[in-house]
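Engineer: what's the 3D shape of this:
(one chain, ligands or ions: 2)
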Amino acid sequence: MDNTLPLHLYHVNKSSSIINRSHTLLHSSALMALIYYRLDFFFQPTKTRNISMTFSWFLIFTCELILSFIWLLGQAYRFRPISRTAFPVRLPGDVELPAVDVLICTADPTKEPTLEVMNTVISAMALDYPPDKLHVYLSDDGGCAVTLEAMREAWKFAKGYWVPFCRAYGVKIGCPEAYFFGAEGNNTESSTWGITEFMAEREKVKDKYENFKGRAMRISQNSKVNRDHSPVIEVINDSCIGEGSEEGKAEEMPLLAYVSREKRPSLPHHFKAGALNLRVSAMISNSPYVLVLDCDMYCNDPTSARQAMCFHLDPKISPSLGFVQFPQKFYNISRTDIYDSQLRSVFKILWQGMDGLEGPCVSGTGFYIKREALYANPIKDGDIMELKRYFGPSNEFIKSLGWHYKHSDHQHFSSLMKETQFLASCAYENQTKWGKEVGFLYFSVVEDYFTGLVNMHCKGWKSVFCDPARPAFLGAGTTNLNDLLVQSTRWSSGLVEVALSRFCPLIYGPKKMSILQTMCYGELAFFPFYFLPLWCFATIPQLCLLNGIAVYPEVSNWFFMVFSFIFLSSLSKHLQEVLSTGGSMMSWINEQRMWMIKSVTCHLYGSLDAIMKRLGMKEASFLPTNKVINDEQIRLYQMGKFDFQTSSTLLSPLVILTIVKFISFIGGVTRAMITRKFSEMFMQVFLSFFIVTMGYPVIEGMILRKDKGRIPPSVIALSVFISTIFLSLGSLILMYL
Ligand SMILES: O=c1ccn([C@@H]2O[C@H](COP(=O)(O)OP(=O)(O)O[C@H]3O[C@H](CO)[C@@H](O)[C@H](O)[C@H]3O)[C@@H](O)[C@H]2O)c(=O)[nH]1
Ligand SMILES: [Mn+2]
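Structural biologist: Residues are numbered from 1 along each chain as shown. Ligands and ions are numbered 1, 2, ... in the order given. Predicted coordinates for the structure are as follows:
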């Protein structure tokens with residue numbers, strides 16, 4: 001290797017940052033004008049306005065301020081976006097690479113099909129990394145014997161066929177299911193091999209995969225979650241599956257271990273953050289770097305570990321580098337992507353932007369994190385009692401904190417395995433700092449965001465975002481409305497939990513991070529509060545329209561231009577971002593629509609959930625996202641049709657607001673015609689029209705569709721009832737105020 005060549009480079013996206021900064025400047029000037037216009041109204045003599053008008057203006061102005069505030073926080077992402085390239089070929093030889101532990105989480109075989117989990121496990125074993133330095137752990141929060149059973153089968157298949165095949169032919173997709181049955185499968189291996197030899201081998205491995213698949217499916221038929229059990233930890237190797245059962249090649253393999261921590265229904269287990277137990281892996285392999293993967297995110301590029309090491313091994317950035325984050329990418333996104341399941345903005349705009357500051361947030365899966373960074377600070381020469389206060393009573397674990405710790409002989413190893421039982425017990429963490437300062441933090445259900453904030457960036461660790469052309473990991477995106485809304489509600493709840501706590505980034509962050517980084521974290525914590533302005537803009541101007549109260553300047557007023565500019569400028573900035581990151585006009589509309597839909601549903605319920613938790617009226621919960629495929633739902637999704645089969649709680653806000661807008665649009669236009677106040681009412685009419693158009697799928701689902709995915713008549717009836725009450729009560733109040 002030539003030592004003079006850098007392991008990685010970055011590039012500041014100059015044109016984007018110029019466009020972004022100019023836009024920020026222009027748009028904020030317009031916002032200032034808007035604020036001036038509103039304030040001016042409140043200082044006018046009271047004769048020109050009545051109470052109901054003042055009240056409506058006040059509500060709308062408050063919401064405009066909230067919206068502008070969140071927008072302003074978001075400008076930090078746009079300040080200095082960068083992109084990076086890594087050069088794994090320039091890494092030192094294999095002997096110098098540090099070891100990596102891969103932690104894969106699964107929680108519920110009824111929602112996370114065992115075969116899919118095994119594919120992820122197998123793909124991690126097929127990573128292109130020295131096998132003696134790679135250790136794969138599956139954390140089974142479901143505590144299912146069948147998962148362990150399936151893992152033994154996976155080990156046999158991986159060791160006997162799959163891993164040797166990948167190594168011999170340079171197969172890139174580590175996931176056998178995707179390789180044999182996915183879209184890309186057939187043409188990724190090196191062509192230096194005789195084609196016939198390769199084809200023969202491929203057929204053989206495919207055959208073996210089908211056998212394995214059959215066995216795994218059979219095994220997992222009667223899987224049942226067990227929430228009351230002692231810890232089960234097993235290192236899987238030939239001795240535990242009986243030798244000579246299968247022919248196949250004997251190759252050196254990465255370590256594979258099954259970990260199911262103790263669970264008791266009466267004791268809190270802190271969901272995924274609790275499942276990502278670093279202690280067991282410290283006893284067995286104790287690698288200095290840890291890759292975290294969700295069970296549905298398989299390795300799509302075997303070189304990801306080497307790419308990550310290009311950053312971790314660069315002496316210039318390594319001392320302060322906490323983790324390398326890869327984007328979440330999905331293999332099941334349709335061409336139209338009606339629900340914006342790919343979270344384009346997060347992984348194409350926001351994380352690039354944070355990368356140019358102190359680095360992106362921890363994003364749940366696909367990151368290579370430094371073990372030491374998760375261990376808080378007292379490590380170096382703390383006294384033993386102090387260390388126990390942090391890390392718990394295990395002497396063996398505390399010994400492992402000294403780096404280069406390795407189990408030596410066989411006997412020692414078996415006593416360590418006993419120690420892992422103790423380390424995986426519920427009681428172990430009592431009176432310690434696990435989850436509070438050490439490891440993945442328990443405070444919020446968005447453990448990733450919170451750990452990134454408190455344990456990484458606020459402690460001075462930096463991160464980098466590595467987004468190579470070939471996706472390093474691919475997962476199953478949520479592609480039906482119900483799962484998507486449930487998932488977003490959980491995220492909103494977790495984020496608001498942080499926003500309302502003493503860890504609120506805007507209070508906790510400024511002394512510990514740069515102001516721009518603080519703004520980014522703040523934007524994420526506060527964006528669920530979009531529900532306030534969006535609910536308000538979807539009801540108040542409409543109610544006022546129906547009652548002939550103008551809340552926006554009339555067409556001839558100079559400030560009409562200001563409002564129009566703000567509206568157009570924010571839409572066109574979003575359009576520019578969508579188009580410049582490979583999206584289309586359609587994606588732009590979809591994203592706008594999903595933003596509105598999520599704001600009035602998930603963000604509302606998530607925020608309420610967080611507030612109730614705060615007041616002690618509710619306990620935290622984490623419903624794992626469903627990963628089981630339903631053919632009917634997939635068909636609707638592929639056709640780009642909304643699937644409204646979800647709870648009426650999530651659905652009715654959409655229907656109510658649509659009806660409210662529809663009635664006020666008709667009523668308001670009629671009224672404006674009669675009273676000839678069209679110019680004053682123009683913006684309100686336009687706003688209703690715009691929102692109704694954006695919400696077209698809802699109207700279609702209410703009136704035109706007959707299939708299973710339509711909006712059920714019961715929800716429509718309920719919504720008609722509620723919107724009528726809202727409009728009549730609202731009108732009464734406005735009339736008599
Ligand atoms: O009690 C639990 C609950 C979940 N999980 C695992 O956590 C992972 C993520 O759960 P999932 O249901 O897939 O949630 P998503 O909403 O898809 O996850 C996103 O959001 C989470 C935070 O809300 C992050 O942890 C994830 O990495 C991120 O992909 C899965 O592998 C689960 O098996 C557990 O191990 N224990
Ligand atoms: Mn997931």
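
Engineer: ok, how many other residues are close to the residue in the stretch 451-600 of the chain that ligand 2 sits nearest to?
Structural biologist: Closest approach between the stretch 451-600 of the chain and ligand 2, counting by C-beta to the ion: residue 475, at 6.3 Å. All C-beta atoms are positioned from the backbone trio N, CA, C, and that covers glycine. Look at residue 475: counted by other C-beta atoms under 10 Å, it has 24 neighbours.

Engineer: Any residues of the stretch 201-350 of the chain in contact with ligand 1? List them.
Structural biologist: Counting by C-beta under 6 Å from any ligand atom, the residues of the stretch 201-350 of the chain close to ligand 1 are 271-272, 275, 294-295.

Engineer: quick one: residue 372 from ligand 1, how far?
Structural biologist: 22 Å (C-beta to the nearest ligand atom, to the nearest Å).

Engineer: Retrieve the pLDDT associated with that residue.
Structural biologist: For residue 372, the pLDDT comes out at 93.

Engineer: count of neighbours near it?
Structural biologist: 14.

Engineer: now the residue in the stretch 101-250 of the chain positioned nearest to ligand 2, what's its secondary structure?
Structural biologist: Relative to ligand 2, the nearest point of the stretch 101-250 of the chain is residue 112 (8.7 Å; C-beta to the ion). Assigned with DSSP: H, G, I helix; E, B strand; the rest coil, residue 112 falls in the coil class.

Engineer: Compute the number of surrounding residues for it.
Structural biologist: Residue 112 - counted by other C-beta under 10 Å - has 26 other residues nearby.

Engineer: got a list of what it touches?
Structural biologist: 106, 295-296, 624, 627 (C-beta atoms under 8 Å, 6 or more residues apart in numbering).

Engineer: Same list (those) but as CSV, adding distance to residue 666.
Structural biologist: Below are the contacts of residue 112 laid out as CSV (distance: C-beta to C-beta, whole Å):
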residue, distance to residue 666
106, 52
295, 50
296, 46
624, 44
627, 44
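
Engineer: Those residues of the chain touching ligand 2, which are they?
Structural biologist: 294, 625 (C-beta under 5 Å from the ion).

Engineer: Recalculate using a threshold of 8 Å.
Structural biologist: For the chain, the residues in contact with ligand 2 (C-beta under 8 Å from the ion) are 294, 296-297, 364-365, 475-476, 478, 487, 624-625, 627.

Engineer: Could you dump these into a markdown table and include distance to residue 394, pLDDT and secondary structure?
Structural biologist: Formatted as a markdown table, the residues of the chain next to ligand 2 follow (distance: C-beta to C-beta, whole Å; pLDDT from 0 to 100; DSSP: H, G, I helix; E, B strand; the rest coil):
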| residue | distance to residue 394 | pLDDT | secondary structure |
| --- | --- | --- | --- |
| 294 | 28 | 98 | strand |
| 296 | 32 | 96 | coil |
| 297 | 31 | 97 | coil |
| 364 | 28 | 96 | coil |
| 365 | 28 | 97 | coil |
| 475 | 34 | 96 | strand |
| 476 | 37 | 94 | coil |
| 478 | 39 | 93 | coil |
| 487 | 36 | 96 | helix |
| 624 | 29 | 86 | coil |
| 625 | 34 | 86 | coil |
| 627 | 35 | 85 | coil |
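
Engineer: Show me the residue at the heart of this structure, geometrically.
Structural biologist: Nearest to the geometric centre of the chain sits residue 363, at 5.8 Å (C-alpha atoms, centre = their mean).

Engineer: is it true that that residue touches residue 325?
Structural biologist: Yes: applying C-beta atoms under 8 Å as the test, residue 363 and residue 325 come out as touching, 5.6 Å apart.

Engineer: overlap in contacts of those two?
Structural biologist: Joint contacts of residue 363 and residue 325 (C-beta under 8 Å, 6+ apart) are residue 351.
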